[in-house]
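Undergrad: below are the sequence and a predicted model; questions follow.
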Amino acid sequence: MHHSIEVEKLSYSYPDGHVALHEVSLRIAPSEKAALVGPNGAGKSTLILHLNGILRGDSGVVRVCGQVLDDKTVGRIRAQVGLVFQNPEDQLFSPTVYDDVAFGPLYQGLSWQEVDGSVQKALRAVGMHSYAQRVSHHLSMGEKKRIAIATVLAMNPEVLVLDEPTSGLDPRSRRSLINLLRELPVTMLVSSHDMAMVKELFPRTIIIDEGQVVADGPTPEIMENQVLLEAHGLEKP
C-alpha cells in the first residue's frame, strides 16, 4: 500500500543558513487525518511547503501517493496535494468566487464542462454554492477560508494540507470550519496552534520543534502528556 505522504530524513536550511528541518520522517496513510503542532518557528510551515514542491529539501525524500517528488513529477504532485495557505488572500485573486475556484481546473486543461462541474462540486462541498458570482475580497475571513479550500478541492486532490485554518476566525466561523473539515472525505494534514480543534478533529498528532519530529502518536495520549506539551511550548486544551 502506498502512503499518501511519505517524508524520509528531510533536511532543509534557508539561504541564511538557518536549519529549518533536520532529518524529518513521517508517513500519512490514505484517508488519515493528522495534525502538525509545535511552537512558532518549529518548521511546520516549512515542512508543508515541501509537500508539493514549493520548497525542495537539501537532502531526504518526499513521496506523494507513491511518487518521488522531483522535477519530473512536481506538476502531477501539485494536483494531488491541495495546499491551503494560512492567509486566504494568497489564493484568491480573481474577479469572482467562481473564477477563483475555476482557475485550477482550467490550468489542468479540463474542458469547460468539466471545469464547471468541478467548480459546482467544490463550492457545494464547502457550503458556498450561492456565492459563485460574489467578489472574494468582499467576503468575511471565514467565507474566504472556505473559498480557498474550494479552490483546492476543485482540483480533486488526494491530500489536503492546511496551514493554520482557524486563525483569524470568530467562534462561529471557527466552528463552521471545523464541521466542514470533519466532513471532507480526504487525507488531511493540518498545521495548527488551535489545540482544542486538534483534540476534537484529529486522531493523530505530530509535534515538531526546532525542525525535528519530537512526538508522533494518538492525539488523546499526546494531549494528556502535560510535560511533553509544555516542553515544546504547547498548552493542554
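TA: Cool, the structure landed.

Undergrad: what is the least confident helix or strand in this structure?
TA: None of the helices or strands of the chain scores lower by mean pLDDT, DSSP states H and E than helix 74-80, at a mean of 89.

Undergrad: start from the N-terminal end of this structure and give the strands.
TA: In the chain, the strands defined using DSSP state E lie at 5-13, 19-28, 33-37, 59-64, 67-68, 81-84, 159-163, 187-191, 204-209, 212-218.

Undergrad: the longest one vs strand 204-209, what angle?
TA: Put plainly, it is strand 19-28. Going by axes from the mean of the first three to the mean of the last three CA atoms, to 10 degrees, strand 19-28 is angled at 170 degrees with respect to strand 204-209.

Undergrad: now for the nearest residue to Gln91 once chain neighbours are set aside: which residues touch it?
TA: Once flanking residues are discounted, Gln91 sits nearest to Ala148: 4.5 Å by CB to CB, 6 or more residues apart in numbering. To be clear about C-beta, it is placed using only N, CA and C from the backbone, and glycine gets the same treatment. By CB atoms under 8 Å, 6 or more residues apart in numbering, Ala148 lies in contact with Val84, Phe85, Pro88, Gln91, Leu92.

Undergrad: would you turn those residues into JSON lines with pLDDT, neighbour count and distance to Thr46?
TA: Below are those laid out as JSON lines (pLDDT from 0 to 100; neighbours: other CB atoms under 10 Å; distance: CB to CB, whole Å):
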{"residue": "Val84", "pLDDT": "93", "neighbour count": "22", "distance to Thr46": "16"}
{"residue": "Phe85", "pLDDT": "91", "neighbour count": "19", "distance to Thr46": "13"}
{"residue": "Pro88", "pLDDT": "90", "neighbour count": "23", "distance to Thr46": "20"}
{"residue": "Gln91", "pLDDT": "87", "neighbour count": "21", "distance to Thr46": "19"}
{"residue": "Leu92", "pLDDT": "90", "neighbour count": "20", "distance to Thr46": "23"}
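
Undergrad: between those residues, which is closest to Lys44?
TA: Phe85 (12.8 Å; CB to CB).

Undergrad: how close does the closest one sit to Arg134?
TA: According to CB to CB, to the nearest Å, Phe85 and Arg134 sit 20 Å apart.

Undergrad: now do Pro237
TA: As judged by CB to CB, Pro237 and Arg134 stand 34 Å apart.

Undergrad: format the strands of the chain as JSON lines; extra columns: distance to Val101.
TA: Below are the strands of the chain laid out as JSON lines (distance: least, CB to CB, whole Å):
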{"stretch": "strand 5-13", "distance to Val101": "24"}
{"stretch": "strand 19-28", "distance to Val101": "25"}
{"stretch": "strand 33-37", "distance to Val101": "23"}
{"stretch": "strand 59-64", "distance to Val101": "23"}
{"stretch": "strand 67-68", "distance to Val101": "26"}
{"stretch": "strand 81-84", "distance to Val101": "12"}
{"stretch": "strand 159-163", "distance to Val101": "15"}
{"stretch": "strand 187-191", "distance to Val101": "19"}
{"stretch": "strand 204-209", "distance to Val101": "30"}
{"stretch": "strand 212-218", "distance to Val101": "34"}
